[in-house]
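> Got a predicted model here, sequence first, then my questions.
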Amino acid sequence: MFKTHPKGLYILFFTELWERFSYYGMRAILVLYIVAKTDNGGLGWSNTEALALYGWYTMLVYVMSIPGGWLADRVLGQKKAVLFGGILLVAGHTILAFEGIGFFYTGLSLIILGVGGLKPNISTMVGGLYKQGDPMRDKGFTIFYIGINIGAFLAGIVVAFIAQVWGWHYGFGAAGVGMFVGLIVYLMGQKYLKTVGNLVKREKNSLSEDVMRKPLTKIEKDRVIVLLLSFLIVIVFWGAYEQAGGLLNLYANKLTDRNLLGFVIPAAAFQSINPAYIILFGGLVASFWVKRRIKGKEESSIFKMAIGNIIMGLGFVLMVGASAQSQVSATGEVVAKSSMLWLVGAYLLFTIGELCSSPVALSFITKLAPVKYASLMMGIYFAMTGFGNKLAGLLGEAAQQFGDTQIFGGIAGFSVLFGLILLLFIKKLNDLTHGAEEMNHSEATQ
């Protein structure tokens, strides 16, 4: 029987769409702004310095999800945490529109705090819209994930072109406008979110407090263990994937032939390729996994995440080909540039890998995390994403010393090998879930 999704999903969908517009819009031009010469309105830093800051910034953005999740669980509730996070984001992006190193660091700091409050809790609220075992939950997260990528797609194009035509700070300002729209959508849609994101009040010595203090059961402990192991997968995946905003962004800017029919495509606009692919292929990938389940084949979350790592690693094989085509002289002069088709193909494989891994991981947490630690576990997930981002920055810095070919090849080899090792232990890892995913599937048929 056909069943529609809760209206609250679409409020969260559009809120996250505009939040991601602001984040990815700013991210698309951040490294390019930092390395741009001062007479071109940039900071004039070296590639190594820019990638170091990028790594720290993107790590802290997600690490702050841990205190953001804790505050939601204990003090604010998820609904208010998202609201306060959105306000901080509007302030941070607006401040980045002003010139000056003080405004730059202040804006980044506020964005870090804002994402920490909003990101883990809005995802948890999506899960809260559905009852345990509801077959629409995974589909709801897929819709939510498409919203993220619509925002990212628009950001890469709009902010990139605004920054190129009017200047870096106008680009940052455009990102701030996007976040303001998202905040308005969230405030106007509160009537559809009355049942989710509320703080659970706990009185001293109450039954609810006793439940919170009650030790985890053996099954809950096993599920936490497999969640923690899945977080390792998250670090590896995003350590490779997040080269997009750093090293690959710089590669597109300097070593990629961006001429198309006489028009030079802004390097930051290549950041829109990935979300465009997600919008195009998201449904196809989801259908592929549904067909596997119908046929009784392996399609657990850990299996999908392992496959995602392998496919994403193959994308870096294409980047090895790109770096072999481009040439730089001993004096640093660009002798030959690689075709943009290498990047377009690599982003396609990155996207397929992401669709196998990332939305699945979000849903996986809501299925396995103990209720009393729901927001905290989601916060830890995003923190691990942050550590993956920091790893991406470190790899980008290493490329400045060892060369793009070596780094691209190393990422490709490790990602594929890591995915294959996961597949060897897939049965033992699935056993630790104690049928959590099978329970959701069986209830879906009732």
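The structure has been received and is ready for your questions.
> And for residue 100, the neighbour number?
10 (other CB atoms under 10 Å). For the C-beta atoms, the positions are set from N, CA and C on the backbone; glycine is no exception.
> switch to numbering from 34
Okay, residue one is now 34; in that scheme the one you just asked about reads as residue 133.
> Could you pull up the contacting residues of the residue lying closest to residue 86 once chain neighbours are set aside?
With sequence-adjacent residues excluded and distances taken as CB to CB, 6 or more residues apart in numbering, residue 86 is closest to residue 67, at 6.5 Å. The neighbourhood of residue 67, defined by CB atoms under 8 Å, 6 or more residues apart in numbering, consists of 75, 76, 78, 82, 83, 86, 87.
> Buried subset of the residues you listed, written for ChimeraX?
Applying 16 or more other CB atoms under 10 Å to these, the buried members can be selected in ChimeraX as follows:
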select :75,76,78,83,86,87
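> The contacts of residue 67 into CSV, with extra columns for secondary structure, pLDDT and distance to residue 192?
Below are the contacts of residue 67 laid out as CSV (DSSP: H, G, I helix; E, B strand; the rest coil; pLDDT from 0 to 100; distance: CB to CB, whole Å):
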residue, secondary structure, pLDDT, distance to residue 192
75, coil, 91, 15
76, coil, 93, 18
78, coil, 94, 20
82, helix, 92, 22
83, helix, 91, 18
86, helix, 93, 19
87, helix, 89, 16
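> Which two of the contacts of residue 67 have the greatest separation?
Maximum pairwise distance in these, criterion CB to CB, is 13.9 Å, between 75 and 87.
> Going along the chain, name the helices of the stretch 134-283 of the chain.
Shown for the stretch 134-283 of the chain, the helices assigned by DSSP state H, counting those that start in this stretch span residues 134-161, 169-199, 201-221, 240-246, 251-274, 280-288.
> Which of these comes out lowest on mean pLDDT?
Here the lowest mean pLDDT among those goes to helix 240-246, at a mean of 55.
> and the helices of the stretch 134-283 of the chain as a markdown table, adding distance to residue 305?
Converted to a markdown table, the helices of the stretch 134-283 of the chain look like this (distance: least, CB to CB, whole Å):
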| stretch | distance to residue 305 |
| --- | --- |
| helix 134-161 | 20 |
| helix 169-199 | 3 |
| helix 201-221 | 14 |
| helix 240-246 | 44 |
| helix 251-274 | 16 |
| helix 280-288 | 12 |
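> Let me have those in a markdown table, extended by distance to residue 371 and mean neighbour count.
Listed next are the helices of the stretch 134-283 of the chain as a markdown table, based on distance: least, CB to CB, whole Å; neighbours: other CB atoms under 10 Å:
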| stretch | distance to residue 371 | mean neighbour count |
| --- | --- | --- |
| helix 134-161 | 32 | 23 |
| helix 169-199 | 20 | 21 |
| helix 201-221 | 26 | 21 |
| helix 240-246 | 56 | 11 |
| helix 251-274 | 19 | 19 |
| helix 280-288 | 6 | 23 |
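> ok so, going back, just the element for the residue nearest to residue 86, please.
Per DSSP states H and E, residue 67 falls inside helix 40-68.
> picking that back up, wait, which of the contacts of residue 67 is closest to residue 137?
Relative to residue 137, the closest of the contacts of residue 67 is residue 76; by CB to CB it sits at 7.6 Å.
> I'd like to know how many residues surround residue 309.
Counted with other CB under 10 Å, residue 309 comes out at 17.
> mind listing what it touches?
182, 186.
> ok, now how distant is it from residue 465?
For residue 309, the distance to residue 465 equals 37 Å [CB to CB, to the nearest Å].
> for residue 289, phi and psi?
phi -110, psi 130 (degrees, to the nearest 10).
> What is the neighbour count of the closest residue to it other than its chain neighbours?
Of all residues not flanking residue 289 in the chain, residue 373 sits nearest, at 5.4 Å (CB to CB, 6+ apart). The tally of other residues near residue 373 (other CB under 10 Å) stands at 18.
> I'd say residue 373 and residue 284 touch.
No: taking contacts as CB atoms under 8 Å, residue 373 lies outside contact range of residue 284: 10.8 Å.
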